[in-house]
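Chemist: Predicted model, plus sequence, below.
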Amino acid sequence: MTVFIDIGALEDIPRQGARVIRTAQGCVAVFRTLDDRVFALDDRCPHKGGPLSEGIVHGDRVTCPLHNWVFDMNSGAAQGADEGAVRTWPVRVEQGRVLISAELVSRPRAA
Amino acid sequence: MKKLVVIGAGMASGRLLEQLFEAAPGEWHVTLFNAEPRGNYNRLMLSPVLSGEKTYEQIVTHDADWYAAHGVDCRFGEPVVRIDRANRAVYSNSGGAPYDALVIATGSAPFIIPVPGSDLPGVVTYRDLEDTNAMIEAGIAGKDAVVIGGGLLGLEAAAGMAARGASVTVVHLMGHLMERQLDPAAGYLLQRDLERRGIKVHCKGATKAILGHGRAEAVLLEDGTVHPADLVCMAVGIRPEVRLANDAHLEVERGIVVDDALRTSDPHIFALGECVEHRGQVFGLVAPLYDQAKVLARTLLGEEAAFRPVQTATKLKVTGCDLYSAGDFAEGEGREDIVFRDPGRGIYKRLVLENDRIIGVVMYGDTADGNWFYGLMKDETDIGEMRDTLIFGPAFQGGTALDPMAAVAALPPEAEICGCNGVCKGTIVAAVQGGAHTLDAVRACTKASGSCGTCTGLVEQVMKLTLGDGFVAPAPAGMCKCTDHSHEDVRRLIKSMGLKSIPAVMQELGWKTVGGCHSCRPALNYYLLAEYPLDYQDDRQSRFVNERNHANIQKDGTYSVVPRMWGGVTTPQELRAIADAAEKYAVPMVKVTGGQRIDLLGVRKQDLPHIWADLNAAGLVSGHAYSKGLRTVKTCVGSEFCRFGTQDSTGLGIRLEKLLWGSWTPHKVKLGVSGCPRNCAEATCKDVGVICVDSGYQISVAGAAGMEVKETEPLASTPCEDEAVEIITAFIQLYRENARYLDRPYKWVAKVGLDWVKEQIADLLTRRALVERFEISQSVYRRDPWAEHSTTTETPRWAPLADLTLEAAE
């Protein structure tokens, strides 16, 4: 079962925007949509490493600010002609607080 | 299967193969040799490739899949070196191929005039993709180019190089341009239009030598003129490429001699295209070559067919120069002219008549009726009855009203619409009735408008006539995939429907996506703030990262910080503050920009509000080096210090920058103010440039110095600084209100026309109203963004929301 930890208030993330959290597994972008859904994705575009947290959020998509790759935040998959995916992380909102998977606290296990 | 070997993969042989495979697939196995390392592409489209409007990929006619699907053995990059007629085989350096029938389609080679220096590096020809790429790669922007030869090919090369930013001179031996297709009057109009586009024309110029040490540097003419030239393009003509045929002892005159069935003196060998000579005539335009391909295909399939060259019409594929010519227009006994001139609009039409039949057509400026005249000429129609109104075109015959469709409606089914591919109106009508309801479909099944494309409008009109209301002309493209409304429509509707927020626009105009996309949201945000500066609340989340964070994002996710230096002037205190900030935040690189200020590169996002708090404290504000808005006003020192300065250019630059800064515009805006015509501030490649002269201020606009390089065009002159400022402000506001988002001023001016812009600015009431609206907008936007972002409540929002690495450590 996924264990969640509190990272902050939903109100701290702008609608159609994101905030970054530093984690043991690198930076993760936590997005908030216009209708207050939240998504957590690695803050690193698979194309050239662009910070997705700075992308324009539209619906449940985000566009990388460096070269306009578009990702579906549900799956992390690149859209259109581009191929690739960003890792997504379990995240949810409870009573106005944003909770994220505690596996981000531990270092990635060596393969 | 019988073996067909084809030497040369040009447009003529490509058309032959199409005809052959269509009529009798499987009858011939084809081996295709080509000296160029590629297959068939549309050579007529090399000029758009040269000018950068198209890429090579877009002009490929037959790709690898096509050759594979028809089982063609492609031997590209393998020039044939020998034909063995006795054993019916051809050989390249890497192998041979036997044939039952051989087609020589080696085309033509450019003619190099044998003057001293013609073998210098930097002297090129203009025939194939290699030549085109050589010109592109020579990096001709800003350099001098000379084109020798003012015919079709030479002028297209000249226009293409000019579009790439070269300073081009055309040297032409004859008294006027394109003398084979145009009479002197039309040649003059063409020359005038080219000169307006910045291309210099030197007629009656005989090249004596190409000068240069180690590479071309200039062209010397017989009359002593020297034109500087980093690049020399020879486009004086072509000669049929006949070396293989000569070596094989086929009958060769100027070209390889063929009979009506395109057969050479060897019954197993045929020739096709620009390398042939038929009844004493050689060919350079594409239409007769396609006719040859049709005939040869039937010959190869054992049918009777005979090639009969018809007179062909010529069009020039240079944007903005509309000309049409066909037939014979030399003066002669028994010949009469009907001439129409409208100097104001630059229109010239001339029909040459003999025995009440049209034998020649020359048109310049308005060529819409060209095909109609051409049809009358080809059919030798007696025009005696309509002679009085003939020159006005088909719309005036029989008293029909001035319906734009009437001209096309009046055409008989056998009237030729597409000259390149010889497609007549009836063929297009039949294709449409057979189910081809889009332009692409019509192109696919008839090839109409598929080569040079200049007849696209006519083809669409024929489609419209056939389909009636069922035909929907391609609408202007939607802003993005979220809507079918064009930028212009959306902007108009925002105003007329009083839409004041992005959700309101998306709702009322039926956006197809939730929340738009990265393309439409920034555009909508701009249109709304430009229309309703006082009411609209800027939507930060609809802005691109740079404008949202008021800094330029770099490849590694850090940012660059550029404080404004008004007119490029700074003080020791400011420099000290910048130096302190650079040290305090460990800025990895401090760089002087092209816009006369200092860039601090590599600043982390969470440091941005802090570094700006420090800079603000020293009186520095954002330079908006990231915005679709006013960037810099570059100045020279002007009359304050310079011994040549005529006015206070620095002072004017600072005044303009203090007036315009903070304003959002459709794309970035850069200004330059030079204190004298020496133009040290490089003002004439800016969006707005001012050149100070003794008598005042010369204001020019719509320059560019990016992907494209373009000199500004004069907007107005004034003796008075206040008026100069007013004119410039009005121009910026006109641009803000009318340009499409992401169009720089030069693109916008090209669309609306400089004349229209001048009219608006010249009208004092309009100008003042523009300035007033700009001031209203600036009452909101003329401020430093950092004042509100570097507060104690806002600053933490620039840092990560949480740091789980710290928890991990615990």
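Modeler: Looks like it arrived, so ask away.
Chemist: my guess is B:Val603 meets B:Ile553, correct?
Modeler: No: with contact defined as CB atoms under 8 Å, B:Val603 does not count as touching B:Ile553 (10.7 Å). Placement of C-beta: from N, CA and C, glycine included.
Chemist: Common neighbours of those two, please.
Modeler: B:Tyr559 (CB atoms under 8 Å, 6 or more residues apart in numbering or on different chains).
Chemist: higher neighbour count, those two?
Modeler: B:Val603 (24 against 21; other CB atoms under 10 Å in any protein chain shown).
Chemist: The more buried one pairs with what?
Modeler: Beta-bridge pairing of B:Val603, defined through DSSP bridges, involves B:Tyr559.
Chemist: Pull the contacting residues for it.
Modeler: B:Val603 neighbours (CB under 8 Å, 6+ apart): B:Ala551, B:Thr558, B:Tyr559, B:Ser560, B:Val561, B:Tyr585, B:Val587, B:Ile611.
Chemist: Could I get the pLDDT score of it?
Modeler: pLDDT, B:Val603: 97.
Chemist: and the gap between it and B:Pro609?
Modeler: 11 Å (CB to CB, to the nearest Å).
Chemist: Does the residue in the stretch 101-250 of chain B positioned nearest to chain A belong to a helix, a strand or coil?
Modeler: Taking CB to the nearest CB as the measure, the stretch 101-250 of chain B has B:Ile136 as its residue closest to chain A, at 24.4 Å. At B:Ile136 the chain is in helix, as set by DSSP: H, G, I helix; E, B strand; the rest coil.
Chemist: With the one 4 residues further on instead?
Modeler: Reducing the assignment at B:Ile140 to three states with three-state DSSP gives coil.
Chemist: re the thing from before, give the residues shared as contacts by B:Val603 and B:Pro609.
Modeler: Overlap of the contact sets of B:Val603 and B:Pro609 (by CB under 8 Å, 6+ apart) is empty.
Chemist: residues in contact with the residue of the stretch 1-150 of chain B found nearest chain A?
Modeler: Proximity of the stretch 1-150 of chain B to chain A (CB to the nearest CB) peaks at B:Glu57, 15.2 Å away. Going by CB under 8 Å, 6+ apart, B:Glu57 touches no other residue.
Chemist: And for B:Arg43?
Modeler: B:Gly10, B:Met11, B:Arg127, B:Asp128.
Chemist: Tell me who's in contact with the second one.
Modeler: Under the criterion of CB under 8 Å, 6+ apart, the neighbours of B:Met11 are B:Asn40, B:Asn42, B:Arg43, B:Leu44, B:Thr61, B:Gly273, B:Val286, B:Leu289, B:Tyr290.
Chemist: Are there helices or strands packed against the helix or strand hosting B:Arg655, and which ones?
Modeler: Taking DSSP states H and E as the criterion, B:Arg655 maps to helix B:649-660. Applying 3 or more CB pairs under 8 Å, 6 or more residues apart in numbering or on different chains; DSSP states H and E, we find helix B:649-660 packed against strand B:630-635, strand B:669-674, strand B:688-693, helix B:721-738.
Chemist: Quick one: work out the angle between the second one and helix B:721-738.
Modeler: In other words, strand B:669-674. With axes from the mean of the first three to the mean of the last three CA atoms, to 10 degrees defining the directions, strand B:669-674 sits at 160 degrees from helix B:721-738.
Chemist: just the CA coordinates of strand B:669-674, formatted as CSV?
Modeler: Output of strand B:669-674 as CSV, limited to C-alpha atoms (Å, rounded to 0.1, in the frame of the first residue of the first chain):
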residue,chain,number,x,y,z
VAL,B,669,10.0,45.2,-30.5
LYS,B,670,13.5,46.6,-30.8
LEU,B,671,14.4,50.2,-31.7
GLY,B,672,17.5,52.0,-32.8
VAL,B,673,18.4,55.7,-32.9
SER,B,674,21.4,56.8,-34.9
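Chemist: Mind listing the strands it pairs with, and their directions?
Modeler: Sheet pairing for strand B:669-674, assigned by DSSP bridges, gives strand B:630-635 (parallel), strand B:688-693 (parallel).
Chemist: Figure out how far it is from the centre of its chain.
Modeler: 26 Å (CA atoms, centre = their mean, to the nearest Å).
Chemist: List the contacts of it.
Modeler: B:567, B:595, B:629-636, B:638, B:649-650, B:652-653, B:656-657, B:660, B:680-692, B:728, B:732, B:735, B:745.
Chemist: Over to stretch B:427-445 now: how far is its first residue from its last?
Modeler: End-to-end distance for stretch B:427-445, by CA to CA, to the nearest Å: 10 Å.
Chemist: what's the distance between B:Leu524 and B:His518?
Modeler: Between B:Leu524 and B:His518 the computed distance is 12 Å (CB to CB).
Chemist: So for these two, which residue has more residues nearby?
Modeler: Using other CB under 10 Å, the more surrounded residue of B:Leu524 and B:His518 is B:Leu524, with 29 against 20.
Chemist: Packing partners of the host helix or strand of the more buried one?
Modeler: Using DSSP H and E, B:Leu524 sits within helix B:520-531. The contact analysis (3+ CB pairs under 8 Å, 6+ apart) places helix B:520-531 against strand A:56-58, helix B:487-496, helix B:502-508.
Chemist: Let me know the average pLDDT across the shortest one.
Modeler: In this model, strand A:56-58 has an average pLDDT of 96.
Chemist: Which elements pack onto that strand?
Modeler: Applying 3+ CB pairs under 8 Å, 6+ apart, we find strand A:56-58 packed against helix B:520-531.
Chemist: so the helix it packs on versus helix B:721-738, what angle?
Modeler: 140 degrees.
Chemist: Flag the shaky bits of chain A, pLDDT-wise.
Modeler: For chain A, the stretches flagged by pLDDT under 70 are A:1, A:108-111.
Chemist: All the strands of it, residue numbers only.
Modeler: Using DSSP state E, the strands assigned to chain A run over residues A:4-9, A:17-22, A:28-32, A:38-42, A:56-58, A:61-63, A:70-72, A:88-89, A:91-94, A:97-101.
Chemist: The closest residue to B:Gly280 other than its chain neighbours: how many residues sit nearby?
Modeler: For B:Gly280, ignoring the flanking residues on the chain, the nearest one in space by CB to CB, 6 or more residues apart in numbering or on different chains is B:Glu253 at 7.7 Å. By the criterion of other CB under 10 Å, B:Glu253 has 11 neighbours.
Chemist: Look up phi and psi at B:Glu253.
Modeler: Torsion angles at B:Glu253 (phi, psi; degrees, to the nearest 10) stand at phi -110, psi -110.
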